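**Student:** Sequence first, predicted coordinates after that:
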Amino acid sequence: AQSVTQPDIHITVSEGASLELRCNYSYGATPYLFWYVQSPGQGLQLLLKYFSGDTLVQGIKGFEAEFKRSQSSFNLRKPSVHWSDAAEYFCAVGPYGTASKLTFGTGTRLQVTL
Amino acid sequence: DTGVSQDPRHKITKRGQNVTFRCDPISEHNRLYWYRQTLGQGPEFLTYFQNEAQLEKSRLLSDRFSAERPKGSFSTLEIQRTEQGDSAMYLCASSVDGGWTYEQYFGPGTRLTVT
């Protein structure tokens, strides 16, 4: 069975500081990996995805993530956080070939201090 | 492209009542998904459709839950004899089968409160 672990429930960073949100997955084959962001009252928005190829993927809003197969990780990074990045971030894994049923982690709430 | 829409956005009901939610996917998206999100948790998969066929159902979807997508366009999720444990945000998403995006576009959700 596929699973996702986001070990950090809540992270606080100062505006302008760098950010790394951790994600570890468990999947029996090559996974499809995703990061979504959810702001209060908003739907989930896809930040980036990994299917194959280059293990460093670029997304929207200046985010990037690196897939490390040996560590079963897909950590999300941003070099300089903006106050508007405050939100809940979810890592998700989907089955290879279809990405139909997504399994999400429990999320990391990001707070940005000015 | 107006995005995925869900109706209603909020629903308060008494225990034991039936409720029905509607989801309108992005036009031409042939896949439609339902997820449930409780407080402090990530979304949990409930079921998904490809066109009008329901291809997979989670064990979370008890006999009190039923989902339909009669014409392969909008979908409804019905909960019969609601229980307090059904209180959650119900999310709908849609995507295009095939291609290389596999991106699920989510709607704003329907928040259900069972009193």
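**Tutor:** Cool, the structure landed.

**Student:** mind checking which helix or strand the residue nearest the centre of chain B is in?
**Tutor:** Nearest to the mean C-alpha position of chain B, by C-alpha atoms, centre = their mean, lies residue B:34 at 3.2 Å. Using DSSP states H and E, residue B:34 falls within strand B:31-37.

**Student:** That strand packs against which elements?
**Tutor:** Applying 3 or more C-beta pairs under 8 Å, 6 or more residues apart in numbering or on different chains; DSSP states H and E, one finds that strand B:31-37 contacts strand B:44-50, strand B:75-79, strand B:88-95. Backbone N, C-alpha and C define where each C-beta goes, glycine included.

**Student:** Report the angle between the longest one and strand B:31-37.
**Tutor:** Between the axis of strand B:88-95 and that of strand B:31-37 there is an angle of 160 degrees, by axes from the mean of the first three to the mean of the last three C-alpha atoms, to 10 degrees.

**Student:** could you check the angle strand B:44-50 makes with strand B:88-95?
**Tutor:** 40 degrees.

**Student:** repeat for the second one
**Tutor:** Following the same axes, to 10 degrees, one obtains 140 degrees for the angle between strand B:75-79 and strand B:44-50.

**Student:** what does strand B:75-79 contact?
**Tutor:** With contact meaning C-beta atoms under 8 Å, 6 or more residues apart in numbering or on different chains, strand B:75-79 is reached by B:18-23, B:25, B:32, B:34, B:46, B:49, B:64-69, B:86, B:90, B:92, B:112.

**Student:** do the first one as well
**Tutor:** Outside strand B:44-50, the residues that touch it by C-beta under 8 Å, 6+ apart are A:100-104, B:30-38, B:54-58, B:60-61, B:65, B:67, B:69, B:72, B:75, B:77, B:97.

**Student:** how far is that strand from where the chain is centred?
**Tutor:** Put simply, strand B:44-50 sits 8 Å off its chain's centre (C-alpha atoms, centre = their mean, to the nearest Å).

**Student:** Count residues in the vicinity of whichever residue of chain B sits closest to chain A, would you?
**Tutor:** Closest to chain A within chain B is residue B:42: 3.2 Å, counting by C-beta to the nearest C-beta. Using other C-beta atoms under 10 Å in any protein chain shown, residue B:42 is surrounded by 22 other residues.

**Student:** Quick check: beta-bridge partners of the residue of chain A found nearest chain B?
**Tutor:** At 3.2 Å from chain B, residue A:104 is the closest residue in chain A, using C-beta to the nearest C-beta. Bridge pairing for residue A:104 (DSSP bridges) gives the partners residue A:92.

**Student:** before we move on, the earlier item: would a markdown table of the helices and strands packed on strand B:31-37 with mean pLDDT and mean neighbour count be doable?
**Tutor:** Converted to a markdown table, the helices and strands packed on strand B:31-37 look like this (pLDDT from 0 to 100; neighbours: other C-beta atoms under 10 Å in any protein chain shown):
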| stretch | mean pLDDT | mean neighbour count |
| --- | --- | --- |
| strand B:44-50 | 94 | 21 |
| strand B:75-79 | 98 | 20 |
| strand B:88-95 | 96 | 24 |
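
**Student:** Next, the buried residues of the helix or strand where residue A:75 lies.
**Tutor:** Counting by DSSP H and E, the element that carries residue A:75 is strand A:73-78. Neighbour-count burial for strand A:73-78, with 16 or more other C-beta atoms under 10 Å in any protein chain shown as criterion, is recorded at A:73-76, A:78.
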